[in-house]
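Visitor: dropping a prediction and its sequence here:
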Amino acid sequence: MKRITLLFAFAVLALLVTSLSMAQVTQDITITTNQPLQLSFMPAAIQTIEIEGKYQTVLTIPKIEVRSESVLLENTDAIQGLNSLLVIAAPVLISPANNSSVPLPPSGQGIPLTWGAVEGAIEYQLLGYLQVGASWVLVADWKGTSTSASMYGLQEGYTILWKIRAMDAAHAYGAWSTEWTFTIGPLPVKLLTFSGMYKAGKGAELNWTTVSEVSNYGFEVQRSITSNPIGFTTIGFVPGNNTTLERHDYAYTDATPPTGRVYYRLKQVDLNGAFEYSGVVSIEIAIGTVSGVGEGNTPTAFVLNQNYPNPFNPTTTVSYGLPKEAPVSLVLYNTLGERVLGYDLGVQPQGMHAFTLDAATLPSGTYVYRITAGDFMGTKTMVVLK
């Protein structure tokens with residue numbers, strides 16, 4: 001049984017807070033587990049000691065607070081009603097949506113939580129829990145009259161569970177709402193490369209690399225004989241590495257692919273069920289030579305394909321082939337010749353490769369992308385259309 005000890009005090013706000021302190025207030029959480037703790041976020045500080053086969057971990061994180069424009073009512077000491085006497089309805093949660101990914105807000109701003117008003121309610125109570133390993137730790141206990149409040153101090157990678165209940169005029173609480181969860185930040189697995197090639201007698205070999213992972217459950221490998229997104233079906237699963245800042249290489253072999261042009265993609269799944277698709281890699285499952293690609297889909301010369309889709313917003317896939325192992329880099333330039341994005345893709349083996357380029361930070365326009373692989377270099381244009 002896991003034992004959770006909170007080492008911080010939480011003070012409920014009584015008045016509207018109109019300004020934020022520039023100083024970072026932190027809190028410590030101590031948790032004891034049977035196995036080393038695996039986190040879905042990076043704490044400000046972490047210290048683990050082993051005591052009689054148990055792992056005691058102390059985490060230091062920014063203090064989490066809930067604030068609202070409402071003023072707390074006086075005499076809010078609740079009288080818990082008996083289940084048979086509960087008459088006030090449970091609130092219905094509105095946003096953030098259950099099991100969703102919420103962008104990290106700018107500094108000084110919170111994540112707004114909203115719920116529907118309950119007839120006869122004079123006050124609401126909100127509880128918020130932070131996922132720490134496999135446990136949930138209470139980090140917020142707020143009471144107020146508003147049907148919205150904002151949660152401050154959240155960091156990328158946090159997964160929060162929250163629920164609401166209402167109080168009636170007799171100061172008796174009703175039932176809790178359903179429990180919803182959300183994760184802060186984009187889906188947290190950063191895919192560096194995704195490539196594939198056909199090997200006679202073995203099948204289609206897929207390889208991909210991540211440079212960091214947060215709360216990564218794993219990858220579903222999906223296949224289709226058409227590039228249409230609705231044509232993909234799952235053919236396998238590769239477990240992820242949960243949370244890590246280290247590079248990890250993955251591989252999967254489709255031993256019985258159909259002949260002809262076959263398309264593959266990855267469905268990366270988080271521990272909370274959220275998911276995201278990779279770019280698409282296409283492989284010609286045939287013996288012979290096709291457009292500079294030799295037997296077994298091995299390039300006999302450097303190949304740089306036009307990115308797809310094009311125009312695009314915000315991501316596109318750049319595919320290329322290497323006739324031999326080489327260090328690869330990709331650089332994007334605007335029409336003024338200024339470098340706007342650059343990626344060091346590392347040393348890559350002979351074969352076909354694909355890279356998913358994210359232009360979310362770039363304005364609409366025409367750009368030139370250049371792939372350099374050892375002595376080889378190729379250049380094409382792409383269009384960002386927002």
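Guide: Great, that's in hand.
Visitor: the chain - how does it break down into domains?
Guide: As assigned by automatic domain parsing, the chain contains the domains 3-184, 187-298, 301-386.
Visitor: and these, which one is worst for confidence?
Guide: Ranked by mean pLDDT, these bottom out at domain 3-184, with a mean of 75.
Visitor: now that domain, how far from the centre of its chain.
Guide: 21 Å (Cα atoms, centre = their mean, to the nearest Å).
Visitor: same deal with stretch 322-341?
Guide: Distance of stretch 322-341 from the chain centroid (Cα atoms, centre = their mean) equals 27 Å.
Visitor: what of stretch 232-247?
Guide: Its chain's average C-alpha position is 13 Å from that of stretch 232-247, according to Cα atoms, centre = their mean.
Visitor: now swap in stretch 191-206 and tell me
Guide: 25 Å.
Visitor: again with stretch 353-366
Guide: What separates the centre of stretch 353-366 from the centre of its chain is 19 Å, taken as Cα atoms, centre = their mean.
Visitor: tell me the buried residues in stretch 143-157?
Guide: For stretch 143-157, the neighbour count (16 or more other Cβ atoms under 10 Å) marks Lys143, Gly144, Thr147, Ala149, Ser150, Met151, Tyr152, Gly153, Leu154, Gln155, Gly157 as buried. Any C-beta I mention is one placed from the backbone N, CA and C, and that applies to glycine too.
Visitor: cool, and stretch 39-55?
Guide: Buried positions in stretch 39-55, judged by neighbour count with 16+ other Cβ under 10 Å: Leu39, Ser40, Phe41, Pro43, Tyr55.
Visitor: and stretch 313-331, what's buried?
Guide: Thr316, Thr317, Val318, Ser319, Tyr320, Gly321, Leu322, Pro323, Ala326, Val328, Leu330, Val331.
Visitor: farthest-separated two in those?
Guide: Greatest spatial distance among the buried residues of stretch 313-331 (Cβ to Cβ): Thr316 and Pro323, at 24.1 Å.
Visitor: name the element the residue located most distally from the centre of the chain belongs to?
Guide: What lies farthest from the middle of the chain is Ala170; by Cα atoms, centre = their mean that is 43.5 Å. Remark: Ala170 resides in no helix or strand, with elements defined by DSSP states H and E.
Visitor: Asn99 is in contact with Gly273, correct?
Guide: Yes: in this structure, Gly273 is within contact of Asn99 by Cβ atoms under 8 Å, at 5.3 Å.
Visitor: between these two, which has more neighbouring residues?
Guide: The neighbour comparison of Gly273 against Asn99 (other Cβ atoms under 10 Å) goes to Asn99, with 14 against 11.
Visitor: doesn't Phe182 make contact with the more buried one?
Guide: Yes: with contact defined as Cβ under 8 Å, Asn99 counts as touching Phe182 (7.4 Å).
Visitor: what about Thr181, neighbour count?
Guide: 18.
Visitor: given the helix or strand containing it, what are its sheet partners and their directions?
Guide: Applying DSSP H and E as the criterion places Thr181 in strand 180-184. Strand 180-184 pairs in its sheet with strand 100-102 (parallel), strand 159-167 (antiparallel), by DSSP bridges.
Visitor: export those strands as JSON lines, with columns for distance to Trp136.
Guide: Putting those into JSON lines (distance: least, Cβ to Cβ, whole Å) gives the following:
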{"stretch": "strand 100-102", "distance to Trp136": "17"}
{"stretch": "strand 159-167", "distance to Trp136": "6"}
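Visitor: quick check: buried residues in the longest strand along the chain?
Guide: Using DSSP state E to define each element, the chain has its longest strand at strand 203-224. Using 16+ other Cβ under 10 Å as the test for burial, strand 203-224 gives 203-210, 212-224.
Visitor: cool, stretch 278-288 as well?
Guide: In stretch 278-288, counting by 16+ other Cβ under 10 Å, buried: Ser278, Gly279, Val280, Val281, Ser282, Ile283, Glu284, Ile285, Ala286.
Visitor: tell me who's in contact with the nearest residue in space to Ala175 that is not next to it in sequence.
Guide: Counting by Cβ to Cβ, 6 or more residues apart in numbering, the nearest residue to Ala175 once its immediate chain neighbours are dropped is Ala90, at 4.3 Å. Residues in contact with Ala90 (Cβ atoms under 8 Å, 6 or more residues apart in numbering) are Val118, Ile164, Arg165, Ala166, Gly174, Ala175, Trp176, Ser177, Thr178.
Visitor: mark which of those residues are buried, thanks.
Guide: Buried by 16+ other Cβ under 10 Å: Val118, Ile164, Arg165, Ala166, Gly174, Ser177, out of the contacts of Ala90.
Visitor: in a helix, that's where Ile230 is, yeah?
Guide: Yes: counting by DSSP: H, G, I helix; E, B strand; the rest coil, Ile230 falls inside a helix.
Visitor: on that earlier part again, can you tell me the helix or strand for the residue nearest to Ala175?
Guide: Ala90 belongs to no helix or strand, assigned by DSSP H and E.
Visitor: phi, psi for it please.
Guide: phi -80, psi 140 (degrees, to the nearest 10).
Visitor: and Ile51, by the same measure?
Guide: Main-chain dihedrals, Ile51, degrees, to the nearest 10: phi -130, psi 110.
Visitor: could you do Glu52 as well?
Guide: Here is the backbone geometry of Glu52 (degrees, to the nearest 10): phi 50, psi 50.
Visitor: next one: it from Leu59, what distance?
Guide: Distance of Glu52 to Leu59, given as Cβ to Cβ, to the nearest Å: 21 Å.
Visitor: returning to what we had before: keep only those of the buried residues of stretch 313-331 that are in strands.
Guide: Among the buried residues of stretch 313-331, the residues falling in strands (DSSP E) are Thr316, Thr317, Val318, Ser319, Tyr320, Gly321, Leu322, Ala326, Val328, Leu330, Val331.
Visitor: mind putting the residues you listed into a markdown table with distance to Pro257?
Guide: Converted to a markdown table, these look like this (distance: Cβ to Cβ, whole Å):
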| residue | distance to Pro257 |
| --- | --- |
| Thr316 | 25 |
| Thr317 | 20 |
| Val318 | 23 |
| Ser319 | 18 |
| Tyr320 | 21 |
| Gly321 | 18 |
| Leu322 | 21 |
| Ala326 | 26 |
| Val328 | 25 |
| Leu330 | 28 |
| Val331 | 34 |
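Visitor: lovely, talk soon.
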